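>>> Curious how this folds, go ahead:
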Amino acid sequence: MTVPSPDPFYKVAEVYSPSEDAWQLELRGPQNQLLMVALIPDEDPSEEPTLHYASPGPHTVVPYDVVRWYVDRVDEAIREIRAWMRLRPELVATVHRLQQEHYGGWIDDAGFPALLAGLRTAVPEADLAVVLAAGLGRAPDGTELSPAEVLALVLAVTGD
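Coordinates of the predicted model:
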């Protein structure tokens, strides 16, 4: 959901940074000036989100309402991007391993049944759907899930 800025001169740009393995939420001001960057790691649970302030000039004033709006957008993004990291620790470890082994969740249809069989021996059946969704973006039947479907499933399990 996009929430309009309280001031039309400010916007948030979302960019993925492969070198950081993180999403960047950039607060941009007049003339597209970079003011703040939130880095939200999406692969490694041990990496925490951080906020960085740009130094575009000697003195930059950002209205308080804009800063609050930006921080709210960052909080919302952290909740969505890192939702799977709030699963039980053993499930987080399995999801992280799947993401690393399958480069962020990619696996072809031919390899899915073997992967599913291996997961069934390592993960309780009740947790299989959320692990597959968070780790590979797939349902147990192999169909691909949208990011919204993955988030809904994870949030249902974590209770958020």
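
>>> name the helices or strands packed onto the helix or strand hosting residue 93?
Element membership for residue 93 (DSSP states H and E) is helix 89-101. On a contact count with 3 or more CB pairs under 8 Å, 6 or more residues apart in numbering; DSSP states H and E, helix 89-101 meets helix 125-136. Every C-beta, even on glycine, is put in place using the N, C-alpha and C of the backbone.

>>> who touches the helix it packs on?
Helix 125-136 is contacted by residues 83-84, 87-88, 91, 94-99, 102, 105-107, 115-116, 119-120, 123, 138-140, 145, 149-150, 153-154, 157 when judged by CB atoms under 8 Å, 6 or more residues apart in numbering.

>>> do stretch 24-40 as well
9-17, 20, 22-23, 49-54, 56, 60, 62, 66, 70, 73-74, 77-78, 81-82.

>>> now, which of these lie within strands?
Within the contacts of stretch 24-40, residues falling in strands by DSSP state E are 11-17, 22-23, 50-53.

>>> on that earlier part again, now do the helix holding residue 93 and helix 125-136, the angle between them.
40 degrees (axes from the mean of the first three to the mean of the last three CA atoms, to 10 degrees).

>>> Which positions in the helix or strand immediately after helix 89-101 in the chain come out as buried?
Following helix 89-101 in sequence order, the next helix or strand is helix 112-122 (DSSP H and E). By neighbour count with 16 or more other CB atoms under 10 Å, helix 112-122 contains the buried residues 112, 115-116, 119.

>>> can you check stretch 92-106 too?
For stretch 92-106, by 16+ other CB under 10 Å, it's 92, 94-96, 98-99, 105.

>>> before we move on, what about stretch 122-134?
Buried-residue list, stretch 122-134, by 16+ other CB under 10 Å: 123, 127-134.

>>> If anything else comes up later, I'll come back, but that's it for now.
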